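> following is a predicted model, sequence given first.
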Amino acid sequence: MRTLNCIALLLVGAVPASAQFKGSMICKEDLSMALRSDEEDANVSFKSIAKRTFSLTINREYLSLISAGQSEFYECQKISYRSNKNRALNTIKCQTATNFLTLDLKKMRFIRSQMDPEDETEVGFSYGSCTLL
């Protein structure tokens, strides 16, 4: 009887740890670009920027991204087809005021964009992959 109680206690203790485990991941950018504008001739182009690695923690409605010691908090929702609202995808979309992140939970791929209409230097795009911790 004691053995069964110990096993049950271990299993009950592992359930919350498993739930936290599934929500934490490390993501690496495969491509990262930012907007570059030449003031002399008013041409706009993209420049490649250093690829970053960051960590994500996902809750049902929130996502926190930690990169270079800074935290960003996103509000999230699941994506579903417009024509069939009952058919859900394994994708969530998250956003802040100027940052957007779409994450495919099945393929573990992400697309991240930063769009600030007030500052051209704050416009960027990146995509990459994530791995569970």
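Structure's in. What do you need?
> burial measure for residue 121, as a count.
Counted by other Cβ atoms under 10 Å, the residues lying close to residue 121 total 10. Glycine gets a C-beta too; all of them are placed from N, C-alpha and C.
> that one should be in a strand, yeah?
No: Residue 121: not assigned to a strand; according to DSSP: H, G, I helix; E, B strand; the rest coil it is helix.
> quick check: the gap between residue 126 and residue 59.
23 Å (Cβ to Cβ, to the nearest Å).
> show me the strands in this protein, by range?
Assigned by DSSP state E, the chain shows strands spanning 24-37, 44-48, 53-58, 62-67, 70-80, 88-95, 99-104, 109-114, 124-132.
> which stretches of the protein have low pLDDT?
1-22, 37-42, 81-88 (pLDDT under 70).
> hang on, the earlier thing: need the strands of the chain in CSV with mean neighbour count, can you?
Below are those laid out as CSV (neighbours: other Cβ atoms under 10 Å):
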stretch, mean neighbour count
strand 24-37, 16
strand 44-48, 10
strand 53-58, 17
strand 62-67, 16
strand 70-80, 13
strand 88-95, 16
strand 99-104, 19
strand 109-114, 18
strand 124-132, 16
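> surely residue 133 meets residue 24?
Yes: at 4.4 Å, residue 133 counts as touching residue 24 under the criterion of Cβ atoms under 8 Å.
> quick check: neighbours shared by these two?
Both residue 133 and residue 24 are in contact with residue 55, where contact means Cβ atoms under 8 Å, 6 or more residues apart in numbering.
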